[in-house]
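# Attaching a predicted model along with its sequence, questions to come.
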Protein chains: 2
Amino acid sequence: MKIGMIGTGKMGGTLGKLWAEKGHQVFFGSRQPQKVQELAAQVGHGAQGGSVAQAAAYGEVLLLGVPWKAAQETVQSMGNVDGKVLIEIVNGVDMQKGPALGFTTSIAEQIAAWAPGARVVNAFNSVHWETLLEPDFDGQSATLFYCGDDAAAKTITAQLGAEIGLDPVDCGPLWMARQLEPVGFLWIYLAYVAGQGPQTALKWLKR
Amino acid sequence: MKIGMIGTGKMGGTLGKLWAEKGHQVFFGSRQPQKVQELAAQVGHGAQGGSVAQAAAYGEVLLLGVPWKAAQETVQSMGNVDGKVLIEIVNGVDMQKGPALGFTTSIAEQIAAWAPGARVVNAFNSVHWETLLEPDFDGQSATLFYCGDDAAAKTITAQLGAEIGLDPVDCGPLWMARQLEPVGFLWIYLAYVAGQGPQTALKWLKR
């Protein structure tokens, strides 16, 4: 397959290298022609390098791996990409607020506003009740993601989860519910809309 | 520990039962006194049942497990909960749009608007480049979550992921990026802010 890598950072560079090794024809595109020639030579396997527009014209499949701030300009410099597969891997993050776009609040924060004296913890969004009864998935215990602004309240939550066999993972302050609620939605979607059913769970892997 | 269960659905009912079995003092609170008395008797281990306000007054730890639409009224009927740990597990979901609150768009949808002819797939948000080189975590391959509106483009993405050892999971249409981008942010947060480092990944467990 002819793959145009738009952006040659760690992700684009590594993916391009791996796909070239698997026999795909890879063309790296960047605004820095010197850098991209070196990368292509390093990767070998016939990998080529050039401009963003050249990579976009070359690939049947394009991988867009640039910073969010550069995304609009980069997309517009690709030229005509009608009908091409465009795999975008852009993470736009504001470390104080979550994803850069479209995320403004959460149910957890709203509940904390309604009960301002309570030590609110957001948890269990992505855990099915059947998982509570059988948290082990072939040696892997399902993860209990939780977040909150009160450390002691979070410790209690983690203990209550661990007691029933879940693997608690502290996900930071309460506004991180802007992530955990979508994780919960993803789980619900896969189980009930995509038809995978409730014998499914999310796991935080670590080594 | 004295735990007040606010809401007695599948999640609250099951968690209350498990925690009662572990020796905690559990009080189920509901707007349906009859139902809650039956539940408490069924659970045994000294579990009690009563109103939402009674459960809220009883527990040092409260678990709020009610539908999002009932959340405000329920929180307001709890009475004074100052200083109490309030574990909220509310999922408010609109199956067409994602979480009920605070989520309006995504980078993927914006990129698709900029490149309207392209067959955009959102992927790799929660995969570190080092994970690309070593996708196996002790027998579990890291999951490649992806979404998009073009089925063939998604199949290509899944194949390109599987070839390099990732476990591809189709997460539905492109607006599901409203979930995958927060999943990506969660991963970044845990790795870099919470200090767990890049030797971490998310896994979709299934049995």
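All right, it came through fine. On a predicted model such as this, the values are computed, not experimentally measured, just so you know. Numbers count the residues shown, from 1 in each chain, chains lettered A, B, ... in the order given.
# can you pull out the strands in chain A?
Ranges of strands within chain A are A:2-6, A:25-29, A:48-50, A:61-64, A:85-88, A:93-94, A:98-99, A:119-123, A:136-137, A:140-141, A:143-148, A:167-170, A:200-206, based on DSSP state E.
# Output these in a markdown table; the columns should cover distance to residue B:42 and mean neighbour count.
Yep, even glycine has a C-beta here, placed from its N, CA and C like the rest. A markdown table is the format used below for the strands of chain A (distance: least, CB to CB, whole Å; neighbours: other CB atoms under 10 Å in any protein chain shown):
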| stretch | distance to residue B:42 | mean neighbour count |
| --- | --- | --- |
| strand A:2-6 | 58 | 26 |
| strand A:25-29 | 61 | 27 |
| strand A:48-50 | 68 | 21 |
| strand A:61-64 | 54 | 26 |
| strand A:85-88 | 50 | 27 |
| strand A:93-94 | 46 | 16 |
| strand A:98-99 | 41 | 28 |
| strand A:119-123 | 24 | 29 |
| strand A:136-137 | 25 | 16 |
| strand A:140-141 | 26 | 19 |
| strand A:143-148 | 25 | 27 |
| strand A:167-170 | 27 | 19 |
| strand A:200-206 | 26 | 21 |
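# Residue B:75: which of those is closest?
Nearest to residue B:75, of all the strands of chain A, is strand A:119-123, at 10.0 Å by CB to CB.
# Can the closest one be said to contact chain B?
Yes. Applying CB under 8 Å from any CB of the partner chain, one finds that strand A:119-123 is in contact with chain B at A:119, A:120, A:121, A:122, A:123.
# again, but for stretch A:154-172
Yes. With CB under 8 Å from any CB as the criterion, chain B is reached by stretch A:154-172 at A:156, A:157, A:160, A:163, A:164, A:169, A:170, A:171, A:172.
# what about that stretch, start to end distance?
9 Å (CA to CA, to the nearest Å).
# Buried residues, it. List them.
For stretch A:154-172, a neighbour-count test (16 or more other CB atoms under 10 Å in any protein chain shown) marks A:154, A:156-158, A:160-161, A:164-172 as buried.
# what's in contact with it?
Stretch A:154-172 is contacted from outside by A:121, A:123-124, A:127, A:132, A:135-136, A:141-148, A:179-180, A:203-204, B:1, B:3, B:15, B:18-19, B:22, B:61, B:85, B:87, B:186, B:189-190, B:193-194, using CB atoms under 8 Å, 6 or more residues apart in numbering or on different chains.
# what's the distance between that stretch and the middle of its chain?
23 Å (CA atoms, centre = their mean, to the nearest Å).
# what is the rounded mean pLDDT of it?
Taken as a whole, stretch A:154-172 has an average pLDDT of 95.
# where does residue A:97 fall, phi/psi-wise?
When read as degrees, to the nearest 10, the backbone of residue A:97 gives phi -140, psi -10.
# middle-most residue in chain A, spatially?
residue A:91 (7.4 Å; CA atoms, centre = their mean).
# So which elements touch the lowest-mean-pLDDT helix or strand in chain A?
The weakest-scoring helix or strand in chain A, judged by mean pLDDT, DSSP states H and E, is strand A:93-94 (a mean of 80). Applying 3 or more CB pairs under 8 Å, 6 or more residues apart in numbering or on different chains; DSSP states H and E, one finds that strand A:93-94 contacts helix B:177-188.
# about what we covered before: helices - which of the buried residues of stretch A:154-172 land there?
A:154, A:156, A:157, A:158, A:160, A:161 (DSSP state H).
# From residue B:23, how far out is the fifth one?
Same thing as residue A:160. 12 Å (CB to CB, to the nearest Å).
# joint contacts of those two?
With CB under 8 Å, 6+ apart, residue A:160 and residue B:23 have no common neighbours.
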